[in-house]
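In: Next input, structure requested:
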Amino acid sequence: MLRQVLHAGLRSSFHALGRFVASHPVFFASAPVLISILLGASFSRYRVEENVENLLAPKHSLAKIEGNLVDSLFPVNRSKHALYSDLQTPGRYGRVIITTRKGSVLEPLHLDTILKVTGASL
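Out: Residues are numbered from 1 along each chain as shown. Model prediction:
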């Protein structure tokens, strides 16, 4: 019985909705087009961000301020004719990956060992 009542109610409501849509064809044909144009127009304001730094750091962050300071104090020759080998000073260089078996690399004991190995100091 409940099924018959629901079926009759839905049938009459969809019949009324169909008659309403059929009596206003211009509105239901043009409204989706206008909405698509309005929503699509917002894509014209989008731009592709090519600088990854702008995506990862806030505009007025300390990292950007320090980066600008470093760039102003130590300019890099970015011309087409500059070679990558010109950026390094003569000498021997090496890279080391440091890991620990237990704990964190940032613990004071491990930090002291790392500083001794690299010859750096705080």
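In: where along this protein do the helices fall?
Out: In the chain, the segments counted as helices under DSSP state H are 2-23, 25-41, 52-56, 62-73, 108-118.
In: chain center to the third one: distance?
Out: Put simply, helix 52-56 sits 8 Å off its chain's centre (CA atoms, centre = their mean, to the nearest Å).
In: What residues of it count as buried?
Out: Neighbour counts over helix 52-56 (16 or more other CB atoms under 10 Å) mark no residue as buried. In this view, the C-beta of every residue, glycine as well, is placed from N, C-alpha and C.
In: Which residues does the helix or strand bottoming out on mean pLDDT in the chain contact?
Out: In the chain, no helix or strand scores lower on mean pLDDT, DSSP states H and E than helix 52-56, which sits at a mean of 77. Residues from elsewhere that reach helix 52-56 (CB atoms under 8 Å, 6 or more residues apart in numbering): 49, 64, 67.
In: I'm done for today, thanks for sticking with me.
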